[in-house]
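Asker: I need the structure of the sequence given here:
(chains A and B)
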Amino acid sequence: MTPPETRVPSRTLERLRQIVKAGVSSVPVVRELTYEPVGSDGLPIVEAPHQAPPFPGATDIETPYGIASLVERSYEPDAYHGGVRIGTAAVFAPETLQTLAGRTVAVPAGATRSPLFFDLETTGLHGGAGTIAFLVGMGFFDERGAFQTRQFFLRGFGNERAMLHAVAAHIEGIPLVVTYNGGSFDLPLMETRWLFHRMPPAFEGRPHFDMLVTARRLWKAAQDEEARSCRLVALEDVLIGNRRVGDVPGFEIPQRYFDFVRSGDPAPLEPVLEHNRLDLLSTALLFGRAQQLVQQGPAGASDAYECLSLARLHERCGAVELADEAYRAALEHPLADRAARERAWYGLAILQRRRRRHEDAAASWRELLLVVDRRSRLAAEAIEALAIHHEHRARNLRTARALAHKALAGERDPKQREALEHRLARLDRKLELARGDQALADTVTTPLPWGE
Amino acid sequence: MVSGDKDRALDAALTQLVPRGLAERAGIDAMLPPVNEAVAPDVHVTAVRRLPAAAAEYADWPEGIHPEVVGALRRRGIEQVYSHQAEAMRHALDGQHVVVVTPTASGKTLCYNGPVLSAILSDPAARALYLFPTKALAQDQLAELHALSESIADQAGTKIGVFTYDGDTPQDARRAIRQQAHVVLSNPDMLHAGVLPHHPKWAKLFENLRYIVIDELHAYRGVFGSHLANILRRLQRICRHYGSTPTFICCSATIANPRGLAEHLTERPFALVDRNGAPRGEKFFLFVNPPVVNETLGIRRSYLAETRRVALEFLKRSLQIIVFAQSRLATEILTTYLKDACEGPPGTEEVIRGYRGGYLPLRRREIERGLRQGSVRAVVSTSALELGIDIGALDVSVMAGYPGTVAGTWQRAGRAGRRSTRSAAVLVASSAPLDQFIVRHPSYFFDASPEHALINPDNLHILLDHIKCAAFELPFTHDEQYGAQNVQEILQVLADERFVHFSDREWHWMHESYPADAISLRSISSDNFVIVDNTRAPRVVAETDYNSAFTMLHEKAIYILEGQLYQVERLDVDNRKAYVREVECDYYTDAITYTRVSILDEFARGAGFDASRPPDAIEGLPEDGALPRHANAALDVVEVLDAGEAALAPPGGDDLTASRSHGEVHVVSRVIGFKKIKFYTNENVGAGDLDLPEHQMHTTSYWLTLPQALLQQLPFSNDDRRDGVSGLAHAMHSIAQLLLMCDRSDLGVSVETGLLEPGGAAAPAGREQEPRIFIYDNYPGGIGFSAPLYDMHHDLVRGTRQLIGSCACDHGCPSCVGPQGDVGPQAKIVALALLDHLLGVPGPTAAADDVPF
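Answerer: Take a look at the predicted model:
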C-alpha cells in the first residue's frame, strides 16, 4: 500500500510520530497478557495485507453484500454445564416474563419457539461509530433441547455489511431476544452498526429481556454477603457450578482481534469464540432457572434469600398474594438466618400496610422488633410505624405517645428527632382534646414486644 | 428608578469624573450639567468620547421568509426588521453562507431564527444545528426560540421541536431529542464528544441538515478556534456522507476579519453583513490613567484602587455596574475591595458579587439571576461575562485594565447600555505597557480597526487528535482530503502506531479507545486540578486548568474565591488536587516563573532592520491593522530562499546585522518561587522558593537575534546591555500582543542573553551565543501567531520604539521597559539605542518625548 503524494513535510512526520507516541504512553496501564502478542511463527506481527482468509471451522454464507462467516456449535441436552444438565433449561414460559422483568414483555401470543440468546464481542466498550462488533453470538434451544450456537465472525472490515445482513435474517421471526446487559450495550451497539450501514435496525420493535437486570433482583442478595457480584462469570460459578479455566479476560479481546486483522492468524481468537459461547450458554441456563423459579414458586427456591427475591418480584408487579406467600416461605425456610427473617418481616409489614391490613402489619412490625437489633435503623422505623398505627388506625393515643417517646429516646438524627417531636406535640394536643373520652385515651397497651 | 433618574445619576457621576476642559474638547460639555466648582474634577481622565445615539434603519421583510414567521414576530411586537437583519436573512435563504457582525443588542438571533424557522415551515423534514461557545448561552437562546416556535405552533399548528443537547441533557431524553428536534442547540464540546462519534443515531439530523448556526464566532480564536475548525471539518465530512450540504450562518462581535475567520473555520466562502441597522443609546467612554505617585520610578497608583474609586462613584449613585478584571486574582481582589466598601447589615443579600470561571454552575446562575432582577448591584467578572449571557441591561461597565484587544474592550463596554438609555464605559489603565500605550494614544483605540482573530487548525497536536476522531467516525478513503489537508501520510503514522488499519482502500479505526474523550477543546491538555477546602469537612470549591495550577496553587499560595482567602497547604500533582484552608491575611501571592527556550527548527529568517522606511514614520502603526489573512510559514521560507539570503549579512564575527526569524522551539518553564504582595499598597512583603516540576512544550516562536558585535558596540557595560535586552523584550511583548489581538497569556516571552551573563566577559561572537528575544505561542504546537508576527516585525519594532520613546519616566518604568528595580538604571536608554539601530537611526539617542500625558 503506497499512500498518495503528501503535503506533510518529512520533518513534520517525525514530530507527528513523537506526538502520537507521547499520547499513548501518557496512559500507563500495565496488564499482563494471557497470550503471546506475536504471530504463529513466534515473530512480532508484521502488517501483512491479506484478503481476509476464511476462519477455521467457519462456513461461508453468501449474502447480497458478500460473504459472512458462520461458526456453528451444538451442546447436547444430556451434556452438563457445571452442575446443570443443559436440557433442563430448555424452557420457555412467556407468562413468567412479566414477573421477572417487572414490566410487560410483549412476546407474541402462542410463541413456542425458543428465545434467541444474544451476545457480542466488540472492538471497544465505549460505543459510537468507531466501535464494531466483530463477533455476533446467538444461541437457542432446538426441539430436542440441545443448545445451538451460531456465531457470525467478521473476517475483515469489508465484510461487515454482509454479516449484519445475515444476522438480521437470523433474527427474523424470533419471539424474544435475551441478553446479559444488552439493554445498555449489545443492542444499542448493533443498532448503531445497522444505522451506520443505512440498514434497518433489526431489533427495532422486537421484545427484549435483559437477564442482568433480573439476575440482580434475584441473586444479588445472598447469605453472608453484602452484595453478591452479578457478573455473568460470577453467577456461572455460584449458581451453575462452572468455574471457567483459561477464560479470556475481557480487556484482551479487542487487541486479539486487532492482531488477527493485522496478521491473519486466527489462533488467539479461538478462546474468544469459546468465551462468547459460554456467555450465551450461561445466560440461557440462568434464564431457564429464573423462569422455573417463578413457575414453581418458593418451593423451587434454593434458599431463603431466593424466596425473598421472588417475593419482591411478585410485589413489584402487584401479585400481593404470591408475594405474601414467598415472604412466609422465606421465614419458614430451614436455612433462614436472622438477616433473612428481618427482611421477610419488614417486607411483610410493608406489603400488609399497602394492602391496608393494618392489624397484620402491626403484628409484623412487632415480629420484626423481636429479631432486629434494637438500636438499628430498622427498629426505629418499626417503632415509628407502630406509633403511627396506634395514632391513626388503632386510635390508642396513649400507646402512640409512649411509642413516640421510645422512638425519640433512641433517635440521633436531628431531622428525625424534629419529626418525632412534632408528632409528640400533636399527640399531646389530641390527648388534651380527647380528655375524658375513654375510647381514645384508654390504658396503655404494651406497645413493644420486649416490654418497657 | 425610572430612566430619567438614571440619566441624572449617570450625569452626576460623569461630572465628578470628567475634567471640564476635556468634556469641551470632546464636544460633550453641553451634554453634561454644569460642574460644581467646589468639587475638583478628576485630572486623570485622558479621554472622553461621546458615542451618539443612532436611529434605526429598517428594511422590508426579505422574500422567502415564511408568513408564519412574520406573523409570530408581529405578535411579539416586531413589526419591521433592521437593514442588517434583512440582508443576512436574504443571504441565508439563498443558501449563501453568511457572517453577520452584530454589536450587543442589535437583534442578531432573528438573523438566524428567521431563515431556520422558514425552512422548517416549508419542509418539516429540515433540520438545523446551533452552536454556542457555552451551555449557558444555549440555554439563554432556547428560551427565546422556544417562545417563537410555540407562537407558530399555536397559530399554524406546526409543531417545531427545539431542544438543547449538551452534557446536562438527561440520558432518557436523548433518544427522543434525536428523533424530534428540528433545531438542536448545542456547544462544540458536545458536538465533538457526544454527537459526531454517534452520528448513525443522528442520521435524521445529518440527512436533513439545512443550517448550521455559529453564534459568538469571535470566541473561536486561538486554541478553541483551532479545535472548532477541525470539528467543523468532521461535521462537514459526516454531512457529505449523509448527502447534505448545510448553509452556515455565523454571528460575530466586531473583529477585523469576521469573514476571514468564518472562512478559515469552515473552509467555505462567506458573504459579510456588517452595516448595523439597530438603534443604540448614547454612551460615554472614558479612559482613566491612575496618577503617578513616584515620578522618577514612573510608578502609578494601583489601578485596582483606582478602579475601586471609579466604581464607587457609580455605585453610590445607585447605578448598576459590571466591573471587568483581567485575571481571576484581580477579580477576587476587586470583589474584596468593593465588598469592604459596601458592606450591608449581616444576613442581607450580597449586593456585590464576583463571577469567574471555576465557580460552580449553580452559583453562577444565582448571580446572573440577581443581576437581571437588580438585587445584585455590582458584579466583578473576568471575561466570563463578556459573551452574551443574559444579565439584563446594566448602567455602567468599568474595566480594570485594558482587556487586551479592541474587540474585547467594545464587547465589555457593550454590557452596559441598551437601545434607548444613556450608559457609560470606563477603562482604567494599569501600568502594563499596553494599557499605557492605549490610554496615551486614545485614537489608536477609538479609530483603529479591531483585531484579527487567528486560528491554526493545522497545529499538529490538534490536527492529529481530530484525525483520530474523524477516523473513528468514518473510515478515511485512500484519496480523501481532510479540510485542506492531505492526510494520507498522517494516517500512515497512525497505522504505524496501531490506531488505524488500511484495508479495502480505506483506513479503519482499530483501537479500543474513544478518541474524543482524550481531547479538551478549551486547552491543548484536558487535565484539570480541583481545589479542596479542608477548613471543615473537605469539599471541592473550585477547579482550574493544568497550566494555571502551578502558578495559582503552589504550596503557600493564597487562593482567593469570591473574596474569601485560602492558603494552599498541599498541591498533589499526581492526583490533580490542591488542598486549601481558609486563612485571614493581608497579602496575596504572585508566582515567579523561569523559562528557557531552545531553537529546534528555523522556518525563515529575514533582516531585522528596515531601511525602506524613514525612521520618523513611527506613527505608522499598522494603519489598517491588516494582517496577512492566512499567514503562511511555508511561503516565507520560499521568499527567503528566493532571495538567496542576499538580504542577510554573512555570518561572522563582525556581523552587526540583527535578524528576525520564526520557527519551532522547545520551551522549558518552571515555577521557582513566589512573592508575597500586600493588599492595597502592593508592597513586596516576603518571598519563598518552590520546587515544582518542569513544564515542557514544543511550540512556534518569533525571535529577534541581536549580534554580539552590535551589543559590544554600544557604549555601555555588559550588565547594562543585558538590562537593555530584557527591557526591550518587556516592551515588545506588549506591542506584539497589540498587533496580534491576543491575550497577554497567549504569548510567552523569553530572553536568551547569550554570554552577556552578569559579570561575564565579552564573548567571541558566533551565532550560537547571540542574544535573542523569543516571543512564542504559549500553547503546545503553536496557534498561529509566530508567522504573522514575523511578517509584522517592522511594525513591532516601530511600535516598541514609540512605546518606550513616549514614556515620561526617566530610566524605565513598568509601563515601558519594566520596573527599574527589576531591569536596572540604563535599560531604557540601551533599549532605545537598540531600537534606533533596528530602525536605521545611527548612534544612541536620548528618549524622545512626544506624548502629552
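Asker: Leaving out chain neighbours, which residue sits closest to residue 288?
Answerer: With no chain named, the answer covers chain A. A:A89 (2.9 Å; C-beta to C-beta, 6 or more residues apart in numbering or on different chains). Heads up, the C-betas are built off the backbone N, CA and C, glycines and all.
Asker: think we crossed wires, I meant chain B
Answerer: Nearest to B:V288 is B:V428, by C-beta to C-beta, 6+ apart, at 4.7 Å.
Asker: Give the burial count for the one you found, as a bare number.
Answerer: 27 (other C-beta atoms under 10 Å in any protein chain shown).
Asker: Test my guess that it contacts B:R308.
Answerer: No. B:V428 is beyond contact range of B:R308, at 9.4 Å (criterion: C-beta atoms under 8 Å).
Asker: Residue of chain A closest to chain B, please.
Answerer: Nearest residue of chain A to chain B: A:G130, at 3.1 Å (C-beta to the nearest C-beta).
Asker: So that residue sits against B:P197, correct?
Answerer: Yes. Taking C-beta under 8 Å as the definition, A:G130 is a contact partner of B:P197 at 6.9 Å.
Asker: What residues does the residue in the stretch 651-800 of chain B positioned nearest to chain A make contact with?
Answerer: Chain A sits closest to B:H698 of the stretch 651-800 of chain B, with a gap of 7.2 Å, by C-beta to the nearest C-beta. Contact partners of B:H698, counting by C-beta atoms under 8 Å, 6 or more residues apart in numbering or on different chains, are A:R15, B:L600, B:E664, B:V665, B:H666, B:V667, B:P780, B:G781.
Asker: circling back: what helix or strand is the closest residue to the residue of chain A closest to chain B other than its chain neighbours located in?
Answerer: What sits nearest to A:G130 in space, not counting adjacent residues and going by C-beta to C-beta, 6+ apart, is B:F472, at 3.1 Å. B:F472 belongs to helix B:460-473 when elements are defined using DSSP states H and E.
Asker: what does the domain assignment say about chain B?
Answerer: B:3-43+B:281-447, B:58-273, B:460-518, B:528-585, B:593-671+B:694-839 (automatic domain parsing).
Asker: Adding mean pLDDT, write those domains out as a markdown table.
Answerer: Converted to a markdown table, those look like this (pLDDT from 0 to 100):
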| stretch | mean pLDDT |
| --- | --- |
| domain B:3-43+B:281-447 | 78 |
| domain B:58-273 | 91 |
| domain B:460-518 | 89 |
| domain B:528-585 | 84 |
| domain B:593-671+B:694-839 | 72 |
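Asker: So which residues of the stretch 501-650 of chain B form helices?
Answerer: Taking DSSP state H, counting those that start in this stretch to define them, one finds helices in the stretch 501-650 of chain B at B:546-552, B:633-642.
Asker: Going by contacts, tell me the helices and strands next to the shortest one.
Answerer: By that I understand helix B:546-552. If contacts are counted by 3 or more C-beta pairs under 8 Å, 6 or more residues apart in numbering or on different chains; DSSP states H and E, helix B:546-552 sits against strand B:528-533, strand B:587-607.
Asker: Could you check how far the last one is from the centre of its chain?
Answerer: In this view, strand B:587-607 has its centroid 20 Å away from the chain centroid, taken as C-alpha atoms, centre = their mean, to the nearest Å.
Asker: again with the first one
Answerer: The gap between where strand B:528-533 is centred and where its chain is centred comes out at 25 Å by C-alpha atoms, centre = their mean.
Asker: which one is residue 385 nearest to, not counting chain neighbours?
Answerer: If you meant another chain, say so; for now it's chain A. Closest to A:A385 by C-beta to C-beta, 6+ apart is A:W365, at 5.1 Å.
Asker: looking at chain B here, not the other one
Answerer: Among residues not flanking B:L385 along the chain, B:Y355 sits closest, at 5.8 Å (C-beta to C-beta, 6+ apart).
Asker: so B:V379, which of the three states?
Answerer: In terms of secondary structure, B:V379 is strand; the call rests on DSSP: H, G, I helix; E, B strand; the rest coil.
Asker: Oh, that last question was meant for B:P290, not what I typed.
Answerer: B:P290 is classified as coil under three-state DSSP.
Asker: next one: A:A227
Answerer: coil.
Asker: Look up how far B:F287 lies from it.
Answerer: Look at A:A227 and B:F287: by C-beta to C-beta, to the nearest Å, they are 67 Å apart.
Asker: Could you do B:M510 as well?
Answerer: Per C-beta to C-beta, B:M510 is found 59 Å from B:F287.
Asker: what does B:S186 give?
Answerer: Distance from B:S186 to B:F287, by C-beta to C-beta: 40 Å.
Asker: Return the residues of the stretch 51-200 of chain A in contact with chain B.
Answerer: Within the stretch 51-200 of chain A, the positions lying close to chain B (C-beta under 8 Å from any C-beta of the partner chain) are A:123-131, A:156-158, A:191-193, A:195-196, A:198.
Asker: run the last query once more with 6 Å
Answerer: A:G124, A:H126, A:G128, A:A129, A:G130, A:G156, A:F157, A:G158, A:T192, A:L195, A:F196 (C-beta under 6 Å from any C-beta of the partner chain).
Asker: In three-state terms, label the first one for me.
Answerer: Three states are possible here, and by three-state DSSP the one that applies to A:G124 is coil.
Asker: number of nearby residues for it?
Answerer: Around A:G124 there are 19 residues (other C-beta under 10 Å).
Asker: repeat for the second one
Answerer: Look at A:H126: counted by other C-beta under 10 Å, it has 17 neighbours.
Asker: Quick one: residues contacting it.
Answerer: By C-beta atoms under 6 Å, 6 or more residues apart in numbering or on different chains, the contact list for A:H126 reads B:Y514.
Asker: can you tell me the helix or strand for B:V751?
Answerer: Here B:V751 is assigned to strand B:747-752, by DSSP H and E.
Asker: Neighbouring strands - and their directions - for the helix or strand following that strand?
Answerer: Downstream of strand B:747-752, the first helix or strand assigned by DSSP H and E is strand B:772-777. Using DSSP bridges, the strands paired with strand B:772-777 are strand B:695-705 (antiparallel), strand B:747-752 (antiparallel).
Asker: If you count neighbours, what's buried in the longest one?
Answerer: Which is strand B:695-705. Using 16 or more other C-beta atoms under 10 Å in any protein chain shown as the test for burial, strand B:695-705 gives B:H695, B:M697, B:H698, B:T699, B:T700, B:S701, B:Y702, B:W703, B:L704, B:T705.
Asker: Could you find the closest non-adjacent residue to the fifth one?
Answerer: With C-beta to C-beta, 6+ apart as the criterion, B:T700 has its nearest non-adjacent residue at 3.2 Å, and that residue is B:G782.
Asker: quick one: that neighbour and B:M697 touch, right?
Answerer: No. In this structure, B:G782 is not within contact of B:M697 by C-beta atoms under 6 Å, at 9.4 Å.
Asker: Quick check: the gap between B:A138 and A:A215.
Answerer: 40 Å.
Asker: Please list all residues in contact with the residue of chain B found nearest chain A.
Answerer: Across chain B, the shortest distance to chain A (C-beta to the nearest C-beta) belongs to B:F472, at 3.1 Å. Listed by C-beta under 6 Å, 6+ apart, the contact partners of B:F472 are A:G130, B:W509, B:P515.
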